[in-house]
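In: Make a model of this:
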Amino acid sequence: MPPVRNAATVVLLRDTAHGPETFLVRRHGQSGFMAGATVFPGGKLDDADVAAQTSGLTPQQCGERLGLADADLAWRIHIAAVRELHEEAHVLLARDAHGRVVDGAAVAAIDLALEGAREGHQLPADKWHAAVQAAGLTLALELLTPFAHWLTPRAEPRRFDTWFFAAVQPAGQQAALDPHESSDAFWRTARAALDEHDAGGAILLPPPTLLTMLQMAELPTAAAAVITGLAQDGVGPCVEPHFAVDTPDGPAIILPADVGHPEHAAWHAQTGVSAQRSRFLLRNGRFTFVRG
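Out: Next comes the predicted model:
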């Protein structure tokens with residue numbers, strides 16, 4: 001089995017006249033994982049994600065939110081989520097010495113300080129933490145709301161144990177493309193992203209992103225209400241999809257709620273959720289979610 005790395009991803013939301021939008025990034029075609037896919041900003045936990053001043057949540061509270069006995073790991077996952085969101089979207093969930101959430105000017109100053117710290121396209125996490133600490137900022141962990149937990153299928157050569165968070169873009173900040181991390185970045189409503197994916201457009205949604213977008217498309221219109229809706233059932237048990245190539249419908253990624261998943265019985269015993277068809281079918285290089 002390939003090693004599993006802890007990771008975090010953030011659904012960043014903002015309100016607009018036509019409803020809440022989420023910030024999406026398109027992975028470079030040469031990315032080692034999900035190349036060319038349209039995803040939420042995020043990435044893997046780094047060993048340096050311990051050197052941080054944080055506020056809003058204690059490690060124990062982080063553990064309770066994620067359902068982890070290892071409170072230190074839960075705290076570090078929150079830290080990684082804040083760091084990765086800034087690296088990939090230039091949005092920083094942090095507070096200054098007066099307790100105020102930082103504005104665009106403060107983020108621009110951090111960005112400028114970090115430009116010389118890059119090693120090629122890579123920004124070492126320890127240098128990111130050093131720049132944030134030098135600016136006297138604390139990471140505002142309470143601005144993150146966890147709502148899901150996914151584990152990459154065992155058939156994949158690279159596997160990530162990924163925690164999904166949601167957050168509202170802070171006032172005075174503007175998300176932006178980081179060309180070192182992605183080939184494109186943009187805002188979309190959940191429905192617009194789903195329609196473009198279904199129509200074979202430039203947006204190509206992998207299963208976890210696709211299912212999250214389907215959830216968001218059914219939720220109330222304000223960004224804060226969407227976050228509340230995503231988190232209403234808590235993080236819940238880890239979702240580890242099963243990849244099957246020989247289903248009657250062709251290749252499929254099957255979720256634990258589906259009776260076709262090899263660990264469905266354990267999922268049912270843990271959640272009490274009745275068996276239902278819950279899988280992604282691959283059609284013309286794109287996934288379609290089928291339920292019921």
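In: and A48, how many neighbours?
Out: Neighbour count for A48, taken as other Cβ atoms under 10 Å: 18. The C-beta positions use only the backbone N, C-alpha and C, and glycine is treated the same way.
In: same question, G136
Out: So G136, with other Cβ under 10 Å, has 12 neighbours.
In: longest helix of this structure?
Out: Looking across the chain with DSSP state H, the single longest helix is helix 71-89.
In: Now do the buried residues in that helix.
Out: Buried positions in helix 71-89, judged by neighbour count with 16 or more other Cβ atoms under 10 Å: 71, 74-89.
In: just stretch 129-138 next, same as before
Out: Buried residues in stretch 129-138 (16+ other Cβ under 10 Å): H129, A130, A131, V132, A135, L137, T138.
In: what does stretch 36-45 give?
Out: Across stretch 36-45, burial judged by 16+ other Cβ under 10 Å covers A37, T38, V39, F40, P41, G42, G43, K44, L45.
In: now, which of those residues lie within strands?
Out: T38, V39, G42, G43, K44 (DSSP state E).
In: could you measure V168 against G229, distance?
Out: As judged by Cβ to Cβ, to the nearest Å, V168 and G229 stand 13 Å apart.
In: more crowded one of those two?
Out: Shown here are V168 and G229; by other Cβ under 10 Å, V168 has more neighbours (19 against 16).
In: Apart from its chain neighbours, what residue comes closest to that one?
Out: A223 (5.0 Å; Cβ to Cβ, 6 or more residues apart in numbering).
In: One more: L205?
Out: H197 (4.6 Å).
In: who's in contact with that neighbour?
Out: Residues near H197 by Cβ atoms under 8 Å, 6 or more residues apart in numbering: T38, I203, L204, L205, L210, M213, R286.
In: what ranges do the strands span in the stretch 51-200 of the chain?
Out: 54-55, 94-95, 138-140, 145-151, 159-168, 182-188 (DSSP state E, counting those that start in this stretch).
In: looking at those, which is buried most?
Out: Across those, averaging neighbours per residue (mean count of other Cβ atoms under 10 Å) puts strand 94-95 on top, at a mean of 25.
In: rewinding a little: want to throw the strands of the stretch 51-200 of the chain into a markdown table with mean pLDDT and distance to R65?
Out: Formatted as a markdown table, the strands of the stretch 51-200 of the chain follow (pLDDT from 0 to 100; distance: least, Cβ to Cβ, whole Å):
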| stretch | mean pLDDT | distance to R65 |
| --- | --- | --- |
| strand 54-55 | 98 | 13 |
| strand 94-95 | 98 | 19 |
| strand 138-140 | 98 | 14 |
| strand 145-151 | 97 | 5 |
| strand 159-168 | 97 | 9 |
| strand 182-188 | 93 | 27 |
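In: looking at those, which is closest to P2?
Out: Closest of those to P2 is strand 159-168, at 5.3 Å (criterion: Cβ to Cβ).
In: elements contacting that closest one?
Out: The helices and strands touching strand 159-168, judged by 3 or more Cβ pairs under 8 Å, 6 or more residues apart in numbering; DSSP states H and E, are strand 4-14, helix 71-89, strand 145-151, helix 207-217, helix 223-231.
In: Can you tell me the strand partners of it and which way each runs?
Out: Applying DSSP bridges, strand 159-168 is found paired with strand 4-14 (parallel), strand 145-151 (antiparallel).
In: Quick one: the ones you listed as a markdown table, columns for distance to L177 too.
Out: Putting these into a markdown table (distance: least, Cβ to Cβ, whole Å) gives the following:
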| stretch | distance to L177 |
| --- | --- |
| strand 4-14 | 13 |
| strand 145-151 | 24 |
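In: closest to G172 out of those?
Out: G172 lies closest, by Cβ to Cβ, to one member of the strands paired with strand 159-168: strand 4-14, at 12.1 Å.
In: Show me how far the helix or strand just after that closest one is from its chain's centre.
Out: Sequence order places strand 21-27 as the next helix or strand after strand 4-14, per DSSP states H and E. Between the centre of strand 21-27 and the centre of its chain there are 10 Å (Cα atoms, centre = their mean, to the nearest Å).
In: Show me what strand 21-27 is packed up against.
Out: Using 3+ Cβ pairs under 8 Å, 6+ apart: strand 21-27 touches strand 4-14, strand 38-39, helix 71-89, strand 182-188, helix 190-198.
In: can you redo these as CSV with distance to G120?
Out: Compiled in CSV, the helices and strands packed on strand 21-27 are given as follows (distance: least, Cβ to Cβ, whole Å):
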stretch, distance to G120
strand 4-14, 21
strand 38-39, 22
helix 71-89, 14
strand 182-188, 16
helix 190-198, 31
